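A.B. asks: Sequence first, then the predicted structure, then my questions.
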Amino acid sequence: MRKAVCSGSFDPVTIGHIDIIERASRMFDEIIVCVFYNPGKATSLFTPKERVEMLKAATSHLPNVRVTSCSGLLNEFCEKEKASFIVRGLRAFTDFEYEFQRALLLKKINESLETVFIMTNANYSYISSSGVRELLAFGGDIGQLVPAGVEELIRKYQKRKTK
């Protein structure tokens with residue numbers, strides 16, 4: 001069985017993320033989408049539990065996709081899940097530089113792990129979670145940037161936080 005991990009902070013999940021996950025789901029028998037705690041990101045807008053809920057809603061149409069969360073090392077998570085592949089989406093050359101270095105480090109740690117890069121659909125290359133967060137902060141319309149149903153979850157979580 002060809003199993004891959006697609007990890008990220010997904011704060012929040014965007015239509016660009018879902019495009020990568022959908023395309024990866026056609027390449028592998030199982031995709032494990034994992035919300036990782038990233039100590040390099042000082043603050044998160046949504047809790048890991050909320051991000052998992054958003055991803056489950058956005059990927060419910062994909063029978064070979066499972067969503068979870070984790071903290072720790074990606075290579076250890078892959079070993080625990082018996083996944084041999086890591087899927088990374090690339091929007092721009094700057095993404096490639098960062099992801100290439102990361103893939104080489106993971107390969108050094110565990111030579112059986114392969115990183116598969118999937119280029120973004122050009123229609124989504126400008127979309128980022130940080131851009132969505134900025135729009136949210138100023139009350140902007142995010143409806144065309146996040147998957148169907150996710151905007152409602154985001155609004156629900158925001159209401160909880162303001163109470």
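C.D. replies: Cool, the structure landed.
A.B. asks: which stretches of the protein form strands?
C.D. replies: 3-8, 30-36, 65-70, 85-90, 114-119 (DSSP state E).
A.B. asks: can you give me the angle the helix ranked longest in the chain makes with strand 85-90?
C.D. replies: The longest helix of the chain (DSSP state H) is helix 93-109. Relative orientation of helix 93-109 and strand 85-90, computed by axes from the mean of the first three to the mean of the last three CA atoms, to 10 degrees: 160 degrees.
A.B. asks: For helix 93-109, which residues meet the burial criterion?
C.D. replies: 95, 99, 103, 106 (16 or more other CB atoms under 10 Å). (Glycine included, C-beta is placed from N, CA and C.)
A.B. asks: Ok, stretch 128-145 next?
C.D. replies: 128-129, 132-133, 136, 142, 145.
A.B. asks: Also stretch 16-29?
C.D. replies: Neighbour-count burial for stretch 16-29 [16+ other CB under 10 Å]: 16-21, 24-25, 28.
A.B. asks: next one: stretch 110-129
C.D. replies: For stretch 110-129, by 16+ other CB under 10 Å, it's 113, 115, 118, 120, 124, 127-129.
A.B. asks: pLDDT below threshold where in this protein?
C.D. replies: 38-42, 161-163 (pLDDT under 70).
A.B. asks: could you check the distance from Phe100 over to Phe117?
C.D. replies: For Phe100, the distance to Phe117 (CB to CB, to the nearest Å) stands at 8 Å.
A.B. asks: and stretch 95-115, how far out from the chain's middle?
C.D. replies: Centre-to-centre, stretch 95-115 and its host chain are 17 Å apart (CA atoms, centre = their mean, to the nearest Å).
A.B. asks: which residues are contacting it?
C.D. replies: Contact with stretch 95-115 is made by 74-75, 78-79, 84-90, 117, as judged by CB atoms under 8 Å, 6 or more residues apart in numbering.
A.B. asks: Over to stretch 9-25?
C.D. replies: 4, 6, 8, 31, 33, 35-36, 38, 41, 44-46, 51, 54-55, 58-59, 62, 64-65, 87, 89, 91, 116, 118, 120-121, 124-125, 127-129, 132-133, 144-147, 150, 154.
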